[in-house]
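Asks: Predicted coordinates and the sequence they were generated for:
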There are 2 protein chains.
Amino acid sequence: MTAEIISVGTELLLGNIVNTNAAYLAQQCAALGLSVYYQSVVGDNPERLKSTLKLALERSDVIFLGGGLGPTEDDLTKETVSELLGRRLVEDTHTRERIAEFFARIGKEPTENNWKQALVPEDAIVLDNANGSAPGIILEEKGKTLILLPGPPMEMIPLFETHVFPYLREKEPDVILSKMLKICGIGESRVEMELKDLIHEYQNPTIATYAKTGEVHVRVTAKAGTESEAKKLLKPVVRELKVRFGRNIYTTDENQELEDVIVDLLKEQNLSITTVESCTGGLLAGRLVNVPGVSDIFKQGYVTYSNKAKRKLVGVKKDTLSANGAVSEKTAKEMAKGAMLMTGSDIAVAVTGIAGPDGGSPEKPVGLVYIACNFRGKTVVQEYHFSGNRKKIRESSVTAALVLLRECILENIRL
Amino acid sequence: MTAEIISVGTELLLGNIVNTNAAYLAQQCAALGLSVYYQSVVGDNPERLKSTLKLALERSDVIFLGGGLGPTEDDLTKETVSELLGRRLVEDTHTRERIAEFFARIGKEPTENNWKQALVPEDAIVLDNANGSAPGIILEEKGKTLILLPGPPMEMIPLFETHVFPYLREKEPDVILSKMLKICGIGESRVEMELKDLIHEYQNPTIATYAKTGEVHVRVTAKAGTESEAKKLLKPVVRELKVRFGRNIYTTDENQELEDVIVDLLKEQNLSITTVESCTGGLLAGRLVNVPGVSDIFKQGYVTYSNKAKRKLVGVKKDTLSANGAVSEKTAKEMAKGAMLMTGSDIAVAVTGIAGPDGGSPEKPVGLVYIACNFRGKTVVQEYHFSGNRKKIRESSVTAALVLLRECILENIRL
């Protein structure tokens, strides 16, 4: 089956918002085995919406229409669809009740406009919206399916997951299973080189790579008649990837980030950690604190932006700074050691570098970063050369620090 | 004139990437006074691309085609366009030279495929791509304009700014001028209420609001025959907005963020600052360090995630913690005071709160945050109730801390 995504909204046409809904729906279609050949964006204009919709009905089986279901006069997706299909708009009693309840809950009075949201085209399947007053609507028409969804992602995504996904799953019985492998510590081109033969060899499952800052994600996707067949297709490829990338794979769980894996590792091993940051200025600690429950192993961190702070807070030696500079292997080492001693943590990670745009020199250019990891007195230091603007260099530094930290933990707990 | 944006790429159809290019081009069109009525996405498939393009040529004056200009066999935008317009592909000598230079610079050998990128349709205007090997291409055909752009944003955006914007500016002689006012310290609904009459009163300039985390941006846009006419249209509206929002407007410079304004203020007043963070875990310091040259006024910061760290690093009293808890007005106050005393800074900002998902209680629910600002011994504390997930609560806290900090500085330097 083929699917097409039509997004309705002037904000999209003006570029005021980015169309993340289309990307979400496209991903879901891929997971459901629906082929998306077209996406489009059109404003809240009945004529242009009608012509776009007509074309979609000629060429696609399932059509998603997102947005334009709000209570104002500008919102006319429902009206336009009803007119095109020659269906009357009728009041849905259940939705009217839900709208009344919704407004009671948020303690506001519904306006006359809000009741407009209880109107749906005849013979529609109405989908409850748990997070707003516009219901989702499914219309089946001569073998085609139209799915009307509210625009705000906070309403659309839960509604899709609860109602639309199961509905489409039944329509398209093929099962799509995918496995995500998240890789760190090796670059994108290396990963692609290592995968080249597999990507050519396999059509089902397919293998796709996505580069992130300091990471590469690899998705393996299989399509089959049943879940167990799909699993059987995935298995040998995933196994082969695990052999090729070994411990550079930090997780195979789609929802885990690098910091989640690290905090889990630290908790398992009962290891406490501290951070001491110069150019990243707190962002490394901030990444760790993304993880709920990090308090078990992370108690404090330092932002030592000036030389004086490096000396005063974590005891970097004056001589080290004057002989080697703040951005040096030796300073990074002493920062990590000092932070470990000051806090009594098992591990300390230190970052010092030149994020730019100023402050670079021929010997120490912008992008030069040193990261040190002290594991109970044993220190590893690495030198990095990152490119990009200030923001990019700082982000790359944070990810590199997490990668080095993970490496140190694995190295030490193996012993 | 009307414009239409066609994005070519399988990654977009699969939802692997979000179409930020379309949003960028749409914004630029708005700035140029071009009306965008349609955007679409199509894969690297000649038939589907051709039909999309045909339709666009029927209904729009300027058509942007982004992506599909790469060196591989999948990339066929140029070939498809040439075929549709009946133009031969010819080698552009200048581009061939640039490709040779480009590869020499990055120290790689061009492959046979790369030379394909020197081929352009006959009678094209060829636009140098400073950041890649695929040039941009402009084709004029029977009063319509086709603009082919490379897909990677890092190549497309600079190419657009350098070559396409001036080209289109000449085509559409109307001048669009806009002024951005960035507002903090009051909510979106308040801003909208205050603006309601102006939004209805004025058609030119138009007034549009955009909600950001903890901020509201207001853009006023005028269209006129000359720059001075456009300025004249903008002036009274911008003046009125300045009267209505007063010092809640933190900047009228599009490129300035809240942290930039604060760092400038601190530098002007020669005031030093430190941070002490619990739930935000370093993100507030990280925001300040976004600003190049922050080292003049920011030397160090603390991440005091545990109670012990709050006591040890910044001297919060044991009694305060046991009687009031870590998330309390009193703890926030003592954190700020302690950080100021420990570092000798003029100002200290402290954040303590419950970011969730766990750790909330009926008395202290998730989202409760206290922020204190100590200005040379004089302290202000505020209580906040933020909603959303852990990430959202932490982001809201960082912005609120910056807003409170700005308020304190303005309050104190006025005296």
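Replies: Arrived safely.

Asks: For the rest of this, base every contact and every neighbour count on C-alpha atoms.
Replies: Noted.

Asks: Tell me which residue lies nearest the centroid of chain A.
Replies: Centroid check for chain A by C-alpha atoms, centre = their mean gives A:Asn255 as the closest residue, at 8.5 Å.

Asks: Need the phi and psi values for that residue.
Replies: Note on A:Asn255: backbone dihedrals following degrees, to the nearest 10 are phi -90, psi 0.

Asks: got the contact list for it?
Replies: Residues in contact with A:Asn255 (C-alpha atoms under 8 Å, 6 or more residues apart in numbering or on different chains): none are found.

Asks: Chain B contacts on the stretch 251-400 of chain A?
Replies: Contact residues, the stretch 251-400 of chain A versus chain B (C-alpha under 8 Å from any C-alpha of the partner chain): A:279-286, A:289-290, A:292, A:295, A:298-306, A:308-309, A:356-358, A:390-391.

Asks: List only buried entries from the residues you listed.
Replies: For these, a burial check counting by 16 or more other C-alpha atoms under 10 Å in any protein chain shown picks out A:279-286, A:289-290, A:292, A:298-306, A:308-309, A:356, A:390.

Asks: Out of those, list just those in helices.
Replies: A:Leu283, A:Leu284, A:Ala285, A:Gly286, A:Lys308, A:Ala309, A:Arg390 (DSSP state H).

Asks: Sketch out the low-pLDDT regions of chain A for me.
Replies: Scanning chain A for pLDDT under 70 picks out A:73, A:106, A:414-415.

Asks: got the contact list for the residue of the stretch 201-350 of chain A at minimum distance from chain B?
Replies: Relative to chain B, the nearest point of the stretch 201-350 of chain A is A:Gly282 (4.0 Å; C-alpha to the nearest C-alpha). Shown in contact with A:Gly282 (C-alpha under 8 Å, 6+ apart): A:Tyr302, A:Val303, B:Gly281, B:Gly282, B:Leu283, B:Leu284, B:Ala285, B:Gly286, B:Gly301, B:Val303.

Asks: of these, closest to B:Gly66?
Replies: B:Gly286 (34.9 Å; C-alpha to C-alpha).

Asks: Isn't the closest one up against A:Arg287?
Replies: No: the criterion here is C-alpha atoms under 8 Å, and B:Gly286 misses it with A:Arg287 at 10.7 Å.

Asks: For chain B, give me its nearest residue in the stretch 51-200 of chain A.
Replies: At 9.2 Å from chain B, A:Thr52 is the closest residue in the stretch 51-200 of chain A, using C-alpha to the nearest C-alpha.

Asks: Which elements pack onto the host helix or strand of that residue?
Replies: Per DSSP states H and E, A:Thr52 falls inside helix A:46-59. Counting contacts by 3 or more C-alpha pairs under 8 Å, 6 or more residues apart in numbering or on different chains; DSSP states H and E, helix A:46-59 packs against strand A:2-8, strand A:35-42, helix A:77-85.

Asks: Any buried residues in it, and which?
Replies: Residues of helix A:46-59 classed as buried: A:Pro46, A:Leu49, A:Lys50, A:Thr52, A:Leu53, A:Ala56, A:Leu57 (neighbour count, 16+ other C-alpha under 10 Å).

Asks: between the contacts of A:Gly282, which is closest to B:Ser133?
Replies: B:Ser133 has its nearest neighbour among the contacts of A:Gly282 in B:Gly286, at 35.8 Å by C-alpha to C-alpha.

Asks: hmm, back to that, with distance to A:Arg169 added, can I get the helices and strands packed on helix A:46-59 in JSON lines?
Replies: JSON lines is the format used below for the helices and strands packed on helix A:46-59 (distance: least, C-alpha to C-alpha, whole Å):
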{"stretch": "strand A:2-8", "distance to A:Arg169": "13"}
{"stretch": "strand A:35-42", "distance to A:Arg169": "14"}
{"stretch": "helix A:77-85", "distance to A:Arg169": "24"}
